[in-house]
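Asks: Need the 3D shape of this:
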Amino acid sequence: MSLSECPTVVIVGRPNVGKSTLFNRITRSRRAIVGDEPGITRDRIRLETDWKGRPFELIDTGGMLFGETAEFPMLIGGQVKVAIESASHLIFLVDGRSEISETDRDLANLLRRTGKPVSLVVNKCDTPEKQVLAANFYELGFRDVFSVSAEHDRAVDVLLDHVTESFAVSEMSEPEERPIRVAIIGRPNVGKSTLLNCLTGKKRSIVSATAGTTRDAVDEEVERGGVRFQFVDTAGIRRKGKTAEMAEKLSVVMAQRHIRLADVVLTLVDAVEGASALDAKIASYAHTAGKAMALVVNKWDQAPAAKSRKAALSDFAQNVRDEMKFLDYAPILFVSALTGQGVGEIFGTIRKAYLAAHRRVTTGQLNRFISEVDFDRVTAPRFQKPVIRYVTQAGVAPPTFVFFTNRSKKFHFSYERFLINQVRDKFNFEGTPIVVKSKSAKR
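Replies: Model (predicted):
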């Protein structure tokens, strides 16, 4: 398919919302210059790219301003309008860290008048707390709203699935799924490198009994059952006071970065030493980042002998749950990376957690579900029980739900926990955290 036959996707938005970062992310290039200073992009930047075998031309535009008489804003505005006229699909990018601006409103009105498909994309949503703010942008009047982090490649795949849904698949190329990114984390010497080697069937990481052997993150890709996995073995994370060398401190920072970039996180626990407060602290990094997760108890072949294997599994699992109460959604696997015992189950668990984290539930399904929930079972004080008018899903990875109620106050913690459990059980969100947000429904 020639460039002239490709559908055209145009990224528009006011200055400094991350258009060039998203352009580079989608095109897998550094074609657009990225910086904190507004107005770096002036001309239209065009590049042919594809998603899952569907080719299209992507155009990055300069930041749009209305009512400006200076030369460059006027020229940029002219370039943007030309790009909009050629578009098959428009990506309207806004900044999730700021309030809706007048420029956002003016641009929304302009885009609606085109009659073209528009995806409203709330950028810079790199934490669950910021992701829920995407619900505020429904006010701009677009049905298709996506919360992403272009910088961290968060939920950009969900956006591209939607944008390219109607595009033709090229006969010249086969659709290619990107691998599921999996970060292996844990304290030093729990067997992260051994597990990577076992999962990939290669001696990819140096294995030593000396804690802290791994400093640089080591990654390796493997395919299992037609699904590609990219595993990253990260440096062991110690308590803050224990990281003396600068190289080790930097490696811990990098480990936390790889957590943010991962789709699924495997948190390793030592079966010999048992779950500890440090394990809980390490796992909390992934939980706070909203990552799908599994808890992997390694060295199970070396665990103290017990009268009953079933009882030993149950007791250890309870120990883990007691130490990490906030991870009740994460499955627990018992493995031996040294012998390979139980390691094969990890692939299926990762896949299920990944799918759960990216699962979307329609607004219709959610509201039918809410109408069937018995809210009398909630243990929250009666005055803390709002009336839920309707609910919608605002994002994925983690699945984020906005409940529109008759009040503007935040949910009581027990009410929030009840809603999370109900949604998880009904729609099978095992392996991923869920975020719920209360928002007043204007009548």
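Asks: Low-confidence ranges, the stretch 101-250 of the chain, go.
Replies: Filtered on pLDDT under 70, the stretch 101-250 of the chain yields the residue ranges 171-176, 202-219, 238-250.
Asks: roughly how far apart are Ser166 and Leu65?
Replies: 31 Å (Cβ to Cβ, to the nearest Å). Every residue, glycine included, has its C-beta placed from N, CA and C.
Asks: Comparing those two, which shows the higher neighbour count?
Replies: Leu65 (20 against 11; other Cβ atoms under 10 Å).
Asks: and that one, what element?
Replies: Using DSSP states H and E, Leu65 falls within no helix or strand.
Asks: Likewise for Asp106?
Replies: Going by DSSP H and E, Asp106 is in helix 102-114.
Asks: Quick check: phi and psi at the residue lying closest to Glu430 once chain neighbours are set aside.
Replies: Excluding its sequence neighbours, the residue lying closest to Glu430 (Cβ to Cβ, 6 or more residues apart in numbering) is Ala356, at 5.9 Å. The phi/psi pair for Ala356 (degrees, to the nearest 10) reads phi -60, psi -40.
Asks: Count the neighbours of Ala356 for me.
Replies: Residues near Ala356, counting by other Cβ under 10 Å, number 23.
Asks: give me the number of residues near the closest residue to Asp95 other than its chain neighbours?
Replies: Counting by Cβ to Cβ, 6+ apart, Val17 is the residue found nearest to Asp95 once chain neighbours are left out, at 4.5 Å. Residues contacting Val17 under the criterion other Cβ under 10 Å number 29.
Asks: So that it lines up with my notes, have the first residue be 45 from now on.
Replies: Got it, first residue is 45 now, which makes that one Val61.
Asks: Got phi/psi on Val61?
Replies: phi -100, psi 0.
Asks: Looks like it contacts Cys169 (just checking).
Replies: No - with contact defined as Cβ atoms under 8 Å, Val61 does not count as touching Cys169 (11.9 Å).
Asks: Enumerate every residue touching the residue nearest to Asp139.
Replies: Applying Cβ atoms under 8 Å, 6 or more residues apart in numbering to Val61 gives the contacts Gly107, Leu137, Val138, Asp139, Asn167, Lys168.
Asks: which ones are touching Ile303?
Replies: Ile303 touches Ala227, Ile229, Thr278, Val309, Tyr329, Ala330, Ala333, Lys335, counting by Cβ under 8 Å, 6+ apart.
Asks: wouldn't Val138 be in contact with Leu155 here?
Replies: No - if you go by Cβ under 8 Å, Val138 and Leu155 don't touch, sitting 11.6 Å apart.
Asks: So for these two, which sits in the more crowded spot?
Replies: Val138 (26 against 21).
Asks: And Leu339, how close does it get to Ile390?
Replies: Applying Cβ to Cβ to Leu339 and Ile390 gives a distance of 11 Å.
Asks: Next, count neighbours for Phe471.
Replies: The number of residues near Phe471, taken as other Cβ under 10 Å, comes to 18.
Asks: quick revisit: let's see which of the contacts of Ile303 end up in helices.
Replies: Counting by DSSP state H, the part of those found in helices is Tyr329, Ala330.
Asks: Number of residues surrounding Ala355?
Replies: Ala355: 10 neighbours (other Cβ under 10 Å).
Asks: for Pro375, same thing?
Replies: 15.
Asks: quick one: contacts for the residue lying closest to it once chain neighbours are set aside?
Replies: Closest residue in space to Pro375, ignoring its immediate chain neighbours: Ala338 at 5.2 Å, by Cβ to Cβ, 6+ apart. With contact set as Cβ under 8 Å, 6+ apart, Ala338 has these partners: 308-311, 374-377, 390, 393-394, 397, 475.
Asks: Please compute how far stretch 150-162 lies from its chain's middle.
Replies: 28 Å (Cα atoms, centre = their mean, to the nearest Å).
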